[in-house]
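Asker: Take a look and give me a structure for this.
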Amino acid sequence: MNLTDLFDLSFVERRDSVALEFLGRSWTFGEIDARSNRMAHLLLERGLRPGDRLCVYLANCVEMIDLYLACVKLGVIFVPINVLYREREIAHIVSDAEPRAVVAAGELTCGVEVWRGEEMARRAVGLPAERPAGSALDGDAPAAIVYTSGTTGKSKGAILTHNNFAANALNLLACWQISSADRLLLALPLFHVHGLGNGLHTWLISGCRMRLVERFERETAAEAFLDFHSTLFFGVPTIYVRLLETPADAARQIGQGMRLFVSGSAPLAAQVLEEFEARFGHRILERYGMTETLMNTSNPYVGERRGGTVGLPLPGVSVRLLEEGGKPVADGQTGELYIKGPNVFAGYWRNEEATRAAFVDGYFRTGDLAAQSPDGYFTLQGRRSDLIISGGFNIYPREIEEFLLEQDEVVEAAVVGMPDKVRGEAPVAFIVSRSSFDPAVLEARCREKLASFKVPLAFVRVDRLPRTALGKVQKHLLPGRLPET
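Answerer: Next up is the predicted model:
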């Protein structure tokens, strides 16, 4: 089976049920099926065939769902691009993926054809609503390539198959008891595997009703929960910090209608977990996943949701916790997480060397450090690399450092993460400069060329960077030099 077969549980069996709400409009599952069929005919008309790539650079909208489903039905590989990325970052993805085109909302210069999302939606209206004929897709066929930064600062495309998405969604449906009775409020971006892999797929397979919002907004969040009568919500720690600002009466009312709040993409502070439970009457369920693996572990829906942990391995997921030399570590000791299961990606797009390096004895080497309790709960201890997770987005310092080194004033640069109450972590740049520099100027240049979440919170001038005898920067010595904030 492939994803279309699973989606037909809703497209066929629940075709007259309301499926989606967005910006005051609603569509049934039958209408969503027909919209995506028309879009599939348009993609065929424009020359796309199985195995071709289509990059999509759109904020959350119905057209993005149409495009994803059209790609799934045709065997075209969907390549979402973070809408916060700038042309410098987009250019690398386009060069690597070699798509037939990029779908965007506005003007974009990226070296390939750019198609306007709204124009495509208008053009598709007049095309057939019947599903286009095509060859049967194997479950191992790629459904998407999602780009994730590497420690070198260069994004790598993780190939996620129909089977990867299906195994992940079916696990979540079973373990989190998601059903057609749920009402999913989805504020996560669909260009991220959290929104795409968890949100979109559990909605379509379960047949629940979903309200999609373009982005999470603290000012309107409470109104959205109450108006939609939401029962299910996926968020990141930054969102839950913002939700703590909800007035007590509204929080209590929201909690009375909710069934499950889930948090992921970054560690959730214990204080936030406890404050949220006191305010909303719900204990957030924490889980752990990656772009390359989708979901790996989860606190139980029924059972102890242990604060500070990411729970237990999901069904079919095997986990090893190994020390540097490859030997298993004892309970309570820190080791690196290795993952194997049907959720693990097929490899990095056109990067055999990186793929080989990522797997050991069939297990994916995550680079995450963790400890396991005697009764099986995993607690994340950080990254083996220096990954910064800010507001649910992954930031690899090397990319920012390389850009800073392009600036005339900068001799050396090192970027580290510092704790941030709202975002979890935020990048801070330590600069060795030829002369004095204006932090505001460096910030402005970063904002022009990098996604907003990658822009350093501060630019700190230092005389030298701490290094080992072999010249490696000792970043762990830098946080002690952070300025007062």
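Asker: if I've got this straight, residue 127 is in a strand?
Answerer: No - counting by DSSP: H, G, I helix; E, B strand; the rest coil, residue 127 is not found in a strand; it is coil.
Asker: who's in contact with it?
Answerer: Shown in contact with residue 127 (CB atoms under 8 Å, 6 or more residues apart in numbering): 38, 41, 42, 45. Where you see a C-beta, it was placed from the backbone N, CA and C, and this is true even at glycine.
Asker: Filter these down to the buried ones.
Answerer: Among the contacts of residue 127, those classed as buried by 16 or more other CB atoms under 10 Å are 38, 41, 42.
Asker: gap between the last one and residue 376?
Answerer: In this structure, residue 42 and residue 376 are 49 Å apart, going by CB to CB, to the nearest Å.
Asker: Scan this structure for its longest helix.
Answerer: helix 29-45 (DSSP state H).
Asker: what sits up against that one?
Answerer: 7, 10-11, 14-17, 19-20, 27, 54, 62, 65-67, 69-71, 73-74, 76, 120-121, 123-125, 127-132, 207.
Asker: From those residues, which land in helices?
Answerer: Those of the contacts of helix 29-45 lying in helices (DSSP H): 7, 10-11, 62, 65-67, 69-71, 73-74, 120-121, 123-124.
Asker: By neighbours, which of the residues you listed wins?
Answerer: Among the ones in helices among the contacts of helix 29-45, the one with the most neighbours (other CB atoms under 10 Å) is residue 67, at 29 neighbours.
Asker: Without its sequence neighbours, what residue ends up closest to it?
Answerer: residue 56 (5.5 Å; CB to CB, 6 or more residues apart in numbering).
Asker: With residue 88 instead?
Answerer: Nearest one to residue 88, counting by CB to CB, 6+ apart, is residue 449 at 5.0 Å.
Asker: what's around that neighbour, how many residues?
Answerer: 15.
Asker: Surely it and residue 85 touch.
Answerer: No - using CB atoms under 8 Å, residue 449 is not in contact with residue 85, being 10.2 Å away.
Asker: shaky segments in the stretch 1-150 of the chain?
Answerer: Along the stretch 1-150 of the chain, the parts satisfying pLDDT under 70 run over 149-150.
Asker: swap the cut-off to 50 and go again
Answerer: The model of the stretch 1-150 of the chain has pLDDT under 50 over residues 150.
Asker: what residues go with each domain of the chain?
Answerer: 3-215, 285-383, 388-481 (automatic domain parsing).
Asker: Now distance to residue 246 too, for the ones you listed, in a markdown table please.
Answerer: Formatted as a markdown table, those follow (distance: least, CB to CB, whole Å):
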| stretch | distance to residue 246 |
| --- | --- |
| domain 3-215 | 14 |
| domain 285-383 | 19 |
| domain 388-481 | 15 |
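Asker: quick one: which of those domains is nearest residue 251?
Answerer: domain 3-215 (14.8 Å; CB to CB).
Asker: And the closest one, end to end?
Answerer: Terminal residues of domain 3-215 lie 26 Å apart, using CA to CA, to the nearest Å.
Asker: tell me how far it is from the chain's mean position?
Answerer: 14 Å (CA atoms, centre = their mean, to the nearest Å).
Asker: where does the residue nearest to residue 195 when sequence neighbours are not counted fall, phi/psi-wise?
Answerer: Nearest residue to residue 195, sequence neighbours excluded (CB to CB, 6+ apart): residue 188, at 3.5 Å. When read as degrees, to the nearest 10, the backbone of residue 188 gives phi -80, psi 150.
Asker: likewise residue 431?
Answerer: According to degrees, to the nearest 10, residue 431 has phi -120, psi 130.
Asker: how close does the residue of the chain positioned farthest from its centre get to residue 411?
Answerer: Taking CA atoms, centre = their mean, the residue of the chain most remote from its mean C-alpha position is residue 435, at 39.4 Å. Distance, residue 435 to residue 411, by CB to CB: 10 Å.
Asker: just the helices in the stretch 51-200 of the chain please.
Answerer: Along the stretch 51-200 of the chain, the stretches classed as helices by DSSP state H, counting those that start in this stretch are 62-74, 87-97, 117-124, 162-175, 193.
Asker: I'd like those as JSON lines, with distance to residue 445 appended.
Answerer: JSON lines is the format used below for the helices of the stretch 51-200 of the chain (distance: least, CB to CB, whole Å):
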{"stretch": "helix 62-74", "distance to residue 445": "30"}
{"stretch": "helix 87-97", "distance to residue 445": "11"}
{"stretch": "helix 117-124", "distance to residue 445": "30"}
{"stretch": "helix 162-175", "distance to residue 445": "38"}
{"stretch": "helix 193", "distance to residue 445": "30"}
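Asker: Tell me which of these lies nearest to residue 327.
Answerer: helix 162-175 (29.1 Å).
Asker: Show the residue spans covered by the strands in the stretch 201-350 of the chain.
Answerer: 209-212, 232-235, 260-263, 285-290, 294-298, 312-313, 318-322, 335-340 (DSSP state E, counting those that start in this stretch).
Asker: Of the ones you listed, give the one that comes closest to residue 440.
Answerer: Across the strands of the stretch 201-350 of the chain, closest to residue 440 is strand 232-235 (CB to CB), at 32.6 Å.
Asker: What is the closest one packed up against?
Answerer: strand 183-186, strand 260-263 (3 or more CB pairs under 8 Å, 6 or more residues apart in numbering; DSSP states H and E).
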